[in-house]
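Undergrad: The sequence and its predicted three-dimensional model are supplied below.
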Amino acid sequence: MAENKIYRASTTAPVNIAVIKYWGKRDPHLNLPTNSSLSVTLSQSDLRTHTTASCSPTYPPAEGDTLLLNSHPQSLSTPRSLACLTSLRSLRRSLESANPSLPPLSSYPLHIISTNNFPTAAGLASSAAGFAALVRAIADLYTLPQSPEELSLIARQGSGSACRSLLGGYVAWDAGHKGDGSDSRARLVAPRSHWPEMRAMILVASAMKKDVSSTSGMQATVATSSLFRTRAEVVVPREMAAMEKAIEGRDFEGFGKIAMRESNSFHACCLDTEPPIRYLNDVSWAAMQLVQGVNEKVGRVVAAYTFDAGPNCVVYFLEGDRREVVGCLAGCLKEGLVERVEGGVELEDGLEGAKEV
Ligand code: DP6
């Protein structure tokens, strides 16, 4: 009997903001990083991608696989998207050959519909949430048994930082050593419940699309920055180990100092690139000063800034220090320094069964 069924699965994936930054590829083709990185997964209620994946024998084969992002058609024929789709289809094909009674979903065209509830490509980790949601939704559609860590190997090929959004809480992306990238995947450092007082606040300095994409920016840094090698070989391994220890011991002073140093080191490498890459703007610098100011006023590190490839400032703090931190940072909204403040975002537990806490 000819089937006319539409198979569907939906998911939401959270944004993650790195406190040890991924910047530089040792293998652009497999998307393997030069250094390990570590991030904190934010709550889905504030920043997330919602994705529905469907497939059906009734979808016109001539159209092929399609993607709508925020209602705009996007190509799925880029090498990165193709790498993800090919890997997911091949896992589904293995399931189908092992169990011939399964419908042959791997041979149907895929239709993907995604929406971000935050600005795309503005340095707010949109590609991380985007590819994590894409991989999770298709894996669910195909009923794949792979673990989030295994799926992270696929999401990594879409966008490096996406591999970390498949897990919740505090997540490392181990650079790995193998040439085929089979050990370059996400690893849970600690679940959200390990340090549930952690909060993040986002100062949106600009929701405009960034001039230099992360992909091209990091390639230029690898090719031209003399600071970069020391960062990848000496600085990051040291900071990574110290950061894992700080998280393990719930040591916010250590966490905050390392996060701020790391952000500064990454942006120093950007500036050391030829031609220089400048992601931070005057508002970013003002935000850094505010954070420094509140830490000095309180007499300990109660707030830690970090900036990805854009001017928007993410501030980590603990719930117990909310009054001081939010009070100080909300001032910059009043003064018209930032477009908006995404307030007191909590962390996320994980992609499956994720919920606001
Ligand atoms: C500054 O993951 O966007 O946010 O792998 O080329 O897609 P591609 O890069 P991407 O880079 C993110 C860089 C960063 C730091 C980080 O998230 O670790």
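TA: Here it is on my side, so go on. Quick caveat, the model's predicted, so the values are computed rather than measured.
Undergrad: Count the neighbours of residue 214 for me.
TA: A count of nearby residues for residue 214, using other CB atoms under 10 Å, gives 23. The C-beta positions use only the backbone N, C-alpha and C, and glycine is treated the same way.
Undergrad: quick one: what helix or strand has the residue lying closest to it once chain neighbours are set aside in it?
TA: Nearest residue to residue 214, sequence neighbours excluded (CB to CB, 6 or more residues apart in numbering): residue 309, at 4.6 Å. Under DSSP states H and E, no helix or strand contains residue 309.
Undergrad: need the residues of the stretch 251-357 of the chain near the ligand, please.
TA: Contact residues, the stretch 251-357 of the chain versus the ligand (CB under 6 Å from any ligand atom): 308, 309.
Undergrad: Name the SS class of the nearest residue to residue 300 once chain neighbours are set aside, please.
TA: In space, and not counting its chain neighbours, residue 300 is closest to residue 253: 6.3 Å by CB to CB, 6+ apart. Classification of residue 253 by DSSP: H, G, I helix; E, B strand; the rest coil places it in helix.
Undergrad: Distance check, residue 253 against residue 299.
TA: 11 Å (CB to CB, to the nearest Å).
Undergrad: quick one, which of these two is more surrounded?
TA: Neighbours were counted for residue 253 and for residue 299 using other CB under 10 Å; residue 253 has more, 13 against 7.
Undergrad: distance of the more buried one from residue 186?
TA: 27 Å.
Undergrad: Give me the contact status of the one helix or strand residue 216 maps to with the ligand.
TA: With elements taken from DSSP H and E, the one containing residue 216 is helix 214-224. Yes - under the criterion of CB under 6 Å from any ligand atom, helix 214-224 makes contact with the ligand via 214, 215.
Undergrad: ok, then the element right after that helix?
TA: That would be, after helix 214-224 and using DSSP H and E, helix 227-230.
Undergrad: Tell me the helix or strand right after that next one.
TA: Per DSSP H and E, the first helix or strand lying C-terminal to helix 227-230 is helix 236-248.
Undergrad: and that next one, C-alpha only, in PDB?
TA: The C-alpha coordinates for helix 236-248 follow below in PDB (Å, rounded to 0.1, in the frame of the first residue of the first chain):
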ATOM      1  CA  VAL A 236      43.800  27.100  27.100                       C
ATOM      2  CA  PRO A 237      44.900  23.700  28.400                       C
ATOM      3  CA  ARG A 238      45.900  25.400  31.700                       C
ATOM      4  CA  GLU A 239      42.700  27.400  31.900                       C
ATOM      5  CA  MET A 240      40.500  24.500  30.900                       C
ATOM      6  CA  ALA A 241      41.900  22.300  33.800                       C
ATOM      7  CA  ALA A 242      41.500  25.200  36.300                       C
ATOM      8  CA  MET A 243      38.000  25.900  35.100                       C
ATOM      9  CA  GLU A 244      36.900  22.300  35.500                       C
ATOM     10  CA  LYS A 245      38.300  22.400  39.000                       C
ATOM     11  CA  ALA A 246      36.500  25.700  39.800                       C
ATOM     12  CA  ILE A 247      33.200  24.200  38.600                       C
ATOM     13  CA  GLU A 248      33.800  21.000  40.500                       C
END
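Undergrad: rewinding a little: can you pull the phi/psi pair for the residue nearest to residue 214?
TA: phi -80, psi 60 (degrees, to the nearest 10).
Undergrad: Quick one: neighbours of residue 150, just the number.
TA: So residue 150, with other CB under 10 Å, has 15 neighbours.
Undergrad: so where does it fall, helix or strand?
TA: Counting by DSSP H and E, residue 150 is found in helix 148-158.
Undergrad: Let me see the residues that make contact with that helix.
TA: The contact list for helix 148-158 (CB atoms under 8 Å, 6 or more residues apart in numbering) reads 30-31, 80-81, 83-84, 87-88, 127, 130-132, 134-136, 139, 144, 162-167, 173, 181-182, 184-188, 350-352.
Undergrad: Can you point out the buried residues in it?
TA: Residues of helix 148-158 classed as buried: 148, 151, 152, 153, 154, 155, 156, 157, 158 (neighbour count, 16 or more other CB atoms under 10 Å).
Undergrad: tell me which of these is nearest to residue 8?
TA: residue 151 (18.8 Å; CB to CB).
Undergrad: Can you read off the pLDDT for the closest one?
TA: Residue 151 carries a pLDDT value of 97.
Undergrad: ok, now the one 3 residues further on?
TA: If you check residue 154, the pLDDT there is 98.
Undergrad: What residue, apart from its backbone neighbours, is nearest it spatially?
TA: That would be residue 87: by CB to CB, 6+ apart, it lies 4.7 Å from residue 154.
Undergrad: Confirm that the one you found sits in a helix.
TA: Yes - secondary structure of residue 87 (three-state DSSP): part of a helix.
Undergrad: Contacts only, for it.
TA: By CB under 8 Å, 6+ apart, the neighbours of residue 87 are 153, 154, 157.
Undergrad: Quick check: it vs residue 57, distance?
TA: 22 Å.
Undergrad: go on, residue 183?
TA: 38 Å.
Undergrad: Near the ligand, which residues of the stretch 51-200 of the chain are found?
TA: Going by CB under 6 Å from any ligand atom, the residues of the stretch 51-200 of the chain near the ligand are 125, 127, 159, 160, 161.
Undergrad: Okay, and which of these map to strands?
TA: Residues of these located in strands (DSSP state E): none.
Undergrad: Show the buried residues in those residues.
TA: With burial judged by 16+ other CB under 10 Å, the buried subset of these is 125, 127, 159, 160, 161.
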